[in-house]
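> All I have is the shape, not the residue letters:
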């Protein structure tokens, strides 16, 4: 079973013929969501950074034991597909047959297969991968080093099992202990120590205070934090039972237990101990948290009593947040980075645990010193970017520039290296800290916005406020003419007659130049418009990319560069108009795989980068709806597409449309013939290139099939003759303005519609007044 990603071929507009074929890595886990596993979380986080380093490599996940959950949404944008072997639990032999069949049918798609756990007891899938000369990688993450795995077989089969594991090209161990054990049975050159990497987003200003206030914790109260599954192995019960001894010395101390209940019996023991010790007001069972980082920010010390870990990622995560750590000693696991008295403390019994915690609570200066040392150590040693580069090396798909520094030359069965985009090497870019939980393009993450069917149709007018440039010539960084912003009043005569308040999606040249921003400031002061952001990469600093067609789409840029440009644009707009914009559009409608993650990180509430039926040239886009939809599970980022649709007798034939509308068919005039026959006509709601009758036909069609939100759009340079192909002279300009006048009248009278703001859709009754310039 498969949760299809945004590249599902049957419903994706084809890319140009010269687009490179991606190389793919298959990851295999026994257990995955909704089952909680640390290795699953690490795969999600590391795949995001591997995608940033090498965008040409795609990552899929095969889940062998967890049944496919019904109706679940995806959790990670950088896992292209999550394939569950079955929708129901399988017995051993049925699972074995299903795995063998799946590998026979799909192994040809991948260059490397990474078994993140020993998932095939009978080695059938391993043998198939070896026969097909796929690079095989096996991870050890807890108590599953090679000798331990071989020891699980009957004595008479252990030699055969050892030969089966000999099929693997590389063994990854996440701790020195696991590495040393694996080296007892495998050649050193095949054994690699790669710790779990960490990704730490920067804390928002005031986040600590807000988090504590939400939890009812005083600003100066000491807070101990545990993060992990509630189970006997992790032993949070030890921490609870030690609390009275800590409270005796520091009575205002709180203990936060963050994590899912993995064992009911242990959860029961925890709640009983809390009640027995009468510390209900001092211990909080917070449950599983999708984002644990704010909890680190709110805490003073991490406490961790686990008896068995392959690595214990939560400890260096806490260190990277600047927290001193007090953790149970696990030889050759955590004693290499928890350095006694320098980056934290190690304990072996309750006495040394309580002593270390009380000493830190009594000495704020020591907490600061140890926390600072731990932060520097963890970020340098365990940064996810370096870890992701190591994995790419092991896969035989090294990132440029970083590859020679990461591992020795790979074995002979390594496929050709993938070339990442310029500037994306692991050693040359900072970590973005981005999540991977939202997507404008990937339908797995989308939830339709519920709009009551009796609501009158709403029309939003969005204007791409931008510089004028010659659309037929190559892109130039010095094409910065924004003089057309001074004549936007021409359209405002029409807007005023109909009560329309347009949204200007301003790009960098408009915001950065007085000729662009001053006319918009005047309109803002009078309440005649709203402001959003639009990004033309070729005129938005920093300029680290080559000029060209491909890089004119923001989604084709390296993620770090797309983020840097979007952040700079947001800051310039905030300075120009007194408030940060909350709605975004990628110029040329060129959103990419991580655009939504970038917008979430910058605080945007909505995006309008989708124009259905018009996929950007040379980009793989799915056939998306014109209905507004949420782009993330948390419902914090809404996509409000431009209104466009297929109209005609074959308007529902969305699988046929990409074929009919591709450039080759356009040259053969197939699309024109189908439009003339009333079979399939592609229309966008814009006075640019569309007649008024076409626009009315589109609006009637969309209303009939249930649309209640309509988005009309055009480019600001069209208000000055000669800037765009749509308005070449004064007569064209008059027709353009008349088109707007006619359509607004039609929308209000015939369709019974109203004119409003994007905020009406995004916030509903919580909509606020347009931002005002300072």
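Arrived safely. No experiment lies behind these values; they were computed from the predicted model shown. Numbering: from 1, shown residues only.

> Spatially central, which residue of the chain would that be?
Nearest residue to the geometric centre of the chain (C-alpha atoms, centre = their mean): residue 436, 2.2 Å.

> pretty sure that one contacts residue 41?
No. Between residue 436 and residue 41 there is no contact under C-beta atoms under 8 Å: 11.2 Å. C-beta here means a position set from N, CA and C on the backbone, and glycine is covered the same way.

> so how many other residues sit close to the closest residue to residue 298 other than its chain neighbours?
Counting by C-beta to C-beta, 6 or more residues apart in numbering, residue 298 lies nearest to residue 211, which is 4.0 Å off, once chain neighbours are set aside. Using other C-beta atoms under 10 Å, residue 211 has 19 other residues around it.

> that older thread, for residue 61, see how far away the residue nearest to the centre of the chain is.
If you measure residue 436 against residue 61 using C-beta to C-beta, to the nearest Å, the figure is 13 Å.

> Name the next helix or strand downstream of the helix or strand hosting residue 213, please.
Using DSSP states H and E, residue 213 maps to helix 207-215. Later in the chain than helix 207-215, the nearest helix or strand by DSSP H and E is strand 223-227.

> Show me what that following strand is packed up against.
helix 236-249, strand 254-258, helix 293-298, strand 301-304, helix 314-320 (3 or more C-beta pairs under 8 Å, 6 or more residues apart in numbering; DSSP states H and E).

> now those as a markdown table including mean neighbour count, mean pLDDT and distance to residue 531?
Shown next, in a markdown table, are the helices and strands packed on strand 223-227 (neighbours: other C-beta atoms under 10 Å; pLDDT from 0 to 100; distance: least, C-beta to C-beta, whole Å):
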| stretch | mean neighbour count | mean pLDDT | distance to residue 531 |
| --- | --- | --- | --- |
| helix 236-249 | 19 | 98 | 49 |
| strand 254-258 | 23 | 98 | 39 |
| helix 293-298 | 20 | 95 | 30 |
| strand 301-304 | 26 | 98 | 43 |
| helix 314-320 | 27 | 95 | 37 |
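
> For those, give me CSV that also has distance to residue 570.
Compiled in CSV, the helices and strands packed on strand 223-227 are given as follows (distance: least, C-beta to C-beta, whole Å):
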stretch, distance to residue 570
helix 236-249, 41
strand 254-258, 31
helix 293-298, 21
strand 301-304, 33
helix 314-320, 26
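
> now for these, which one comes closest to residue 119?
Nearest to residue 119 among the helices and strands packed on strand 223-227 is helix 314-320 (24.9 Å), distances taken as C-beta to C-beta.

> Which pLDDT does the model give the residue nearest to the centre of the chain?
Residue 436 is assigned a pLDDT of 91 by the prediction.

> OK, contacts around it?
44-45, 47-48, 51, 76-78, 594, 597 (C-beta atoms under 8 Å, 6 or more residues apart in numbering).

> could you redo the last one with a cut-off of 7 Å?
44, 48, 76-78, 597 (C-beta atoms under 7 Å, 6 or more residues apart in numbering).

> Output these in TSV; the columns should cover distance to residue 491, neighbour count and secondary structure.
Listed next are those as TSV, based on distance: C-beta to C-beta, whole Å; neighbours: other C-beta atoms under 10 Å; DSSP: H, G, I helix; E, B strand; the rest coil:
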residue	distance to residue 491	neighbour count	secondary structure
44	46	21	helix
48	42	27	helix
76	43	24	coil
77	37	30	coil
78	41	26	coil
597	34	27	helix
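
> Let me know the closest of the residues you listed to residue 255.
Checking those against residue 255 with C-beta to C-beta, the nearest one is residue 44 at 27.9 Å.

> what about stretch 546-553, start to end distance?
End-to-end span of stretch 546-553 (C-alpha to C-alpha, to the nearest Å): 12 Å.

> One more: stretch 331-349?
Stretch 331-349 stretches 15 Å from its first residue to its last (C-alpha to C-alpha).

> Show me what counts as buried in it.
For stretch 331-349, burial by neighbour count (16 or more other C-beta atoms under 10 Å) applies to 333-334, 337-338, 343-347.

> Could you do stretch 29-38 as well?
29-33, 35-38.

> Is residue 395 in contact with residue 25, as I believe?
Yes. Taking C-beta atoms under 7 Å as the definition, residue 395 is a contact partner of residue 25 at 5.7 Å.

> overlap in contacts of the two?
Counting by C-beta under 7 Å, 6+ apart, the contacts common to residue 395 and residue 25 are residue 112.

> residues contacting the residue lying closest to the residue nearest to the centre of the chain once chain neighbours are set aside?
Among residues not flanking residue 436 along the chain, residue 48 sits closest, at 3.9 Å (C-beta to C-beta, 6+ apart). By C-beta under 7 Å, 6+ apart, the contact list for residue 48 reads 78, 434, 436.

> related to what we said a few turns ago, which one among the buried residues of stretch 331-349 gets closest to residue 711?
Proximity of the buried residues of stretch 331-349 to residue 711 (C-beta to C-beta) peaks at residue 337, which lies at 51.8 Å.

> need the contact list for that closest one.
By C-beta under 7 Å, 6+ apart, the contact list for residue 337 reads 316, 343, 377, 381.

> Give me the neighbour count for the last one.
Each residue near residue 381 was counted by other C-beta under 10 Å, and the total is 17.

> For it, give me phi and psi.
Dihedral angles of residue 381 (phi, psi; degrees, to the nearest 10) stand at phi -80, psi -30.

> how close does the nearest residue to it once chain neighbours are set aside sit to residue 325?
Nearest residue to residue 381, sequence neighbours excluded (C-beta to C-beta, 6+ apart): residue 337, at 6.6 Å. In this view, residue 337 and residue 325 are 9 Å apart by C-beta to C-beta.

> pLDDT below threshold where in this protein?
1-20, 72-73, 399-430, 617-622, 649-680, 765-774 (pLDDT under 70).

> what number of residues lie near residue 218?
Neighbours of residue 218 (other C-beta under 10 Å): 11.

> which ones are touching it?
residue 252.

> and with 8 Å instead?
Per C-beta under 8 Å, 6+ apart, neighbours of residue 218: 212, 252.

> re earlier: which residues touch the helix holding residue 213?
218-219, 221, 223, 254, 256, 284, 294-295, 297-298.

> and residue 136, that's in a strand?
Yes. Secondary structure of residue 136 (DSSP: H, G, I helix; E, B strand; the rest coil): part of a strand.

> Could you measure from it over to residue 124?
Here residue 136 is placed at a distance of 13 Å from residue 124 (C-beta to C-beta).
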